[in-house]
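Q: what would the 3D arrangement of this be:
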Amino acid sequence: MRLAGIETESIVDGPGIRFAVFFQGCNHQCKGCHNPTTWDMSGGQEVTLKRVLELLDEADLVSGVTLTGGDPLYQIESALELAREVKNRQLHLIIYTGYLYEDLLSMAHMDKQLDALLDLTDVLIDGPFVLQKRDLSLRFRGSSNQRCINVPQSRKTGKIVVEQY
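A: All right, here's what the predicted structure looks like:
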């Protein structure tokens, strides 16, 4: 997988202490993005799943893993492999994406890997960062249009269930 970096003990990428994996590559290119160096699809560096898992297994304090970027959904196969390993370790999984949840549901009908990834996701923080809606008081997101979606409950009920952090 091509990564921009890893933060082994993050407190800003979700509740608790998180192991944050920053995927390289994003075509959303939101104005005001706090990680514009992650946009270039050929930037960052290649890292094996084995190496990411070694680092994760050394991170004793983490309560969950966050896939962010860039946008992890541009590397769906790698994100899915990592998500499976995260859930095998019984850890909470958050995924950040510039896509809207509703669009992902439509895309998942034709993309089995995306559907499987959504099945493994506990919380999806969706939507592009919108500079005009920037709100520093929000936890775990940058603009008020972004939602923290409880994916299992949303898939079960067929209605979007938003987490209140």
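
Q: so which other helices or strands are in contact with the helix or strand hosting residue 117?
A: Element membership for residue 117 (DSSP states H and E) is helix 112-120. Counting contacts by 3 or more Cβ pairs under 8 Å, 6 or more residues apart in numbering; DSSP states H and E, helix 112-120 packs against helix 76-88, helix 101-108, helix 151-157. (C-beta placed from N, C-alpha, C; glycine too.)

Q: again, only this time at 7 Å
A: helix 76-88, helix 101-108 (3 or more Cβ pairs under 7 Å, 6 or more residues apart in numbering; DSSP states H and E).

Q: check the gap between the residue lying closest to residue 144 once chain neighbours are set aside and residue 125 for me.
A: The shortest distance from residue 144 to any non-neighbouring residue, by Cβ to Cβ, 6 or more residues apart in numbering, is to residue 133 (4.5 Å). Residue 133 is 14 Å from residue 125, where distance means Cβ to Cβ, to the nearest Å.

Q: which one's more surrounded, these two?
A: residue 125 (23 against 14; other Cβ atoms under 10 Å).

Q: sorry, back to before: can you list contacts of the helix holding residue 117?
A: 76, 77, 79, 80, 83, 84, 87, 93, 104, 107, 108, 151 (Cβ atoms under 7 Å, 6 or more residues apart in numbering).

Q: just the buried residues from the residues you listed, in PyMOL please.
A: Selection of the buried residues among those in PyMOL, burial being defined by 16 or more other Cβ atoms under 10 Å:
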select buried, resi 79+80+83+87+93+104+108+151
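
Q: out of the contacts of helix 112-120, what pair is the most spread apart?
A: 87 and 107 (21.1 Å; Cβ to Cβ).

Q: returning to that earlier point: direction included, what does the helix or strand just after the helix holding residue 117 pair up with?
A: Counting by DSSP H and E, the element after helix 112-120 in chain order, helix or strand, is strand 123-126. Strand 123-126 pairs in its sheet with strand 92-96 (parallel), strand 147-150 (antiparallel), by DSSP bridges.

Q: who's in contact with the closest residue to residue 146 other than its chain neighbours?
A: In this structure, residue 146 finds its nearest non-sequential neighbour in residue 127, 4.4 Å apart by Cβ to Cβ, 6+ apart. By Cβ under 7 Å, 6+ apart, the contact set of residue 127 is 98, 100, 145, 146, 147.
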